[in-house]
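Engineer: would you be able to build a 3D model of this:
(2 chains)
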There are 2 protein chains.
Amino acid sequence: MRKGLLFVLSGPSGVGKGTVCSVLRQKMPELVYSVSATTRLPRQGELDGVNYFFKTKEQFKDMIARDALLEYAEYVGNYYGTPRDFVERTLESGKDIILEIEVQGALKVKEKFAEGIFIFLLPPSLDVLKERITGRGTETEDLIQNRMNVAVEEMNLLQHYDYAVVNDDLDAACHRIESIVTAEHCKRSRYVNEINRMQTASEKA
Amino acid sequence: MRKGLLFVLSGPSGVGKGTVCSVLRQKMPELVYSVSATTRLPRQGELDGVNYFFKTKEQFKDMIARDALLEYAEYVGNYYGTPRDFVERTLESGKDIILEIEVQGALKVKEKFAEGIFIFLLPPSLDVLKERITGRGTETEDLIQNRMNVAVEEMNLLQHYDYAVVNDDLDAACHRIESIVTAEHCKRSRYVNEINRMQTASEKA
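Structural biologist: Numbers count the residues shown, from 1 in each chain, chains lettered A, B, ... in the order given. Now for the predicted structure:
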């Protein structure tokens, strides 16, 4: 059985990774969406194994110690991470999986899964990114400028990615990601066995 | 202005390159389809510059001497080739172009256009390929066996290609090629300038 492919969708904060991913879920139900582990408490309606794998701090630290996470980070006092086991089981079953993750985390995944396909979501321009960050209406001018500086820094990390997708239009961005998934399955390297099989069959005939 | 991309669609004789290309013409009118030069006489309804560039043998030999062809071959007493000029002008204008060409010719194009994207059309199986060749009803058993041997040999050349597309279903095969075109435009390497531009704009601000 052919293994599935790992796709990693990343990009600077505010670029719209979450929105793109939620549209992809509807358009591409055949893709498995990675479920993160977290130590934060479940919110109303959140289900273990669906929205998150909910863990205690002890359980989470044990996962870190066992190298059971492809990446993890601490955010406002809670841990968030990507369980390796869920990803590997999905790929072994022949299904593709997609991780939506921030830029630093994606690079950690790349250290452990170099064969993954890394997609960087780009804003159409820095002005548009600033509008989106400002549009949330919760940040001060200083914080916005700080986040913009971080975003510009993060864009430098595009060099470690395989693809860049401009999020100028939600449907267009999703269509590009769908195309990348289809095209990656057509990469010649994935067909070497197929050809050998055909030629062996032909020699036997 | 960004240059267009060169796509080369090839594969063993009988795999259905022509049929796939004619469906692509309808689905992807934004792609330019390369027009071959030939020394054979126009058939009824064929237009110069549309179906072929019709040339005399002297003109064709002059094109060979001037290295004005990306590849050429002789077939039943007539020459067929791909004019370099038409391809280059299309790419310079920012449009993508696709060449439908047999396997040996495609490899010659690769020598001159290494940056092209080479797509190999595969039969779902050798049995299906044999059916398609036999189905034309014009070949003897010996000729069919001979063509099958050539096809099996040609499959070895897949290693020089970027993508493999199985022609199991016409619409599915065309969809895969469309996806490859879209995905290739998202390759990170094509975005380096874009990022530099954004960051320079940010530093100036």
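Engineer: okay, CA-based contacts and neighbour counts for the rest of this
Structural biologist: Noted.
Engineer: residue numbers of chain A in contact with chain B?
Structural biologist: A:125-126, A:152, A:155-156, A:158-159, A:161-165, A:176-180, A:182-183, A:186-189, A:191-192, A:195, A:198-199, A:202 (Cα under 8 Å from any Cα of the partner chain).
Engineer: got the domain ranges for chain A?
Structural biologist: A:1-31+A:96-205, A:35-95 (automatic domain parsing).
Engineer: now tabulate those domains in a markdown table and tack on mean neighbour count.
Structural biologist: Shown next, in a markdown table, are the domains of chain A (neighbours: other Cα atoms under 10 Å in any protein chain shown):
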| stretch | mean neighbour count |
| --- | --- |
| domain A:1-31+A:96-205 | 17 |
| domain A:35-95 | 16 |
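Engineer: now those domains in a markdown table, with mean pLDDT?
Structural biologist: Below are those laid out as a markdown table (pLDDT from 0 to 100):
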| stretch | mean pLDDT |
| --- | --- |
| domain A:1-31+A:96-205 | 90 |
| domain A:35-95 | 94 |
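Engineer: closest to residue B:133 out of those?
Structural biologist: With Cα to Cα as the criterion, residue B:133 lies closest to domain A:1-31+A:96-205 of the domains of chain A, at 15.6 Å.
Engineer: does residue A:126 really touch residue B:198, like I thought?
Structural biologist: Yes - counting by Cα atoms under 8 Å, residue A:126 does reach residue B:198; the two are 6.6 Å apart.
Engineer: which SSE is residue A:177 in?
Structural biologist: Using DSSP states H and E, residue A:177 sits within helix A:170-185.
Engineer: tell me the angle that helix makes with helix B:170-185.
Structural biologist: Calculated by axes from the mean of the first three to the mean of the last three Cα atoms, to 10 degrees, helix A:170-185 forms an angle of 100 degrees with helix B:170-185.
Engineer: and helix A:170-185, what does it pack against?
Structural biologist: Other helices and strands packing on helix A:170-185, by 3 or more Cα pairs under 8 Å, 6 or more residues apart in numbering or on different chains; DSSP states H and E, are helix A:17-27, strand A:163-166, helix B:170-185.
Engineer: can you list contacts of that helix?
Structural biologist: Contacts with helix A:170-185, where a contact means Cα atoms under 8 Å, 6 or more residues apart in numbering or on different chains, come from A:7, A:20, A:23-24, A:28, A:165-167, B:163, B:176-180, B:182-183, B:186.
Engineer: ok, now stretch A:81-100?
Structural biologist: A:1-10, A:17-18, A:21, A:30-38, A:68-73.
Engineer: so of these, which ones are in strands?
Structural biologist: The strands, defined by DSSP state E, take in A:6-10, A:32-33, A:36-38, A:69-73 from the contacts of stretch A:81-100.
Engineer: farthest pair within those residues?
Structural biologist: A:32 and A:73 (22.2 Å).
Engineer: all helices for chain A, in order.
Structural biologist: Listed in chain order, the helices of chain A (DSSP state H) span residues A:17-27, A:57-65, A:84-92, A:103-112, A:126-135, A:141-155, A:170-185, A:192-204.
Engineer: turn these into JSON lines, columns for distance to residue B:145.
Structural biologist: What follows is these, written out as JSON lines (distance: least, Cα to Cα, whole Å):
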{"stretch": "helix A:17-27", "distance to residue B:145": "45"}
{"stretch": "helix A:57-65", "distance to residue B:145": "60"}
{"stretch": "helix A:84-92", "distance to residue B:145": "40"}
{"stretch": "helix A:103-112", "distance to residue B:145": "48"}
{"stretch": "helix A:126-135", "distance to residue B:145": "61"}
{"stretch": "helix A:141-155", "distance to residue B:145": "56"}
{"stretch": "helix A:170-185", "distance to residue B:145": "31"}
{"stretch": "helix A:192-204", "distance to residue B:145": "11"}
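Engineer: of all those, which lies closest to residue B:77?
Structural biologist: helix A:192-204 (32.2 Å).
Engineer: for residue A:50, which non-adjacent residue is closest in space?
Structural biologist: Distances taken as Cα to Cα, 6 or more residues apart in numbering or on different chains put residue A:35 closest to residue A:50, at 6.7 Å, once the chain neighbours are dropped.
Engineer: contacts only, for that neighbour.
Structural biologist: Applying Cα under 8 Å, 6+ apart, the residues near residue A:35 are A:49-53, A:82-83, A:86.
Engineer: can you check residue A:58 too?
Structural biologist: Here residue A:58 is in contact with no residue (Cα under 8 Å, 6+ apart).
Engineer: distance of it relative to chain B?
Structural biologist: Note on residue A:58: its distance to chain B, by Cα to the nearest Cα, to the nearest Å, is 40 Å.
Engineer: that residue and residue A:39, how far apart?
Structural biologist: As judged by Cα to Cα, to the nearest Å, residue A:58 and residue A:39 stand 9 Å apart.
Engineer: residue A:12 now?
Structural biologist: Residue A:12 is 24 Å from residue A:39, by Cα to Cα.
Engineer: repeat that for residue A:102.
Structural biologist: 18 Å.
Engineer: how about residue A:198?
Structural biologist: 50 Å.
Engineer: also residue A:125?
Structural biologist: For residue A:125 relative to residue A:39 (Cα to Cα), the value is 35 Å.
Engineer: one more: residue A:96?
Structural biologist: Applying Cα to Cα to residue A:96 and residue A:39 gives a distance of 26 Å.
Engineer: ok, now residue A:100?
Structural biologist: Taken as Cα to Cα, the span from residue A:100 to residue A:39 is 18 Å.
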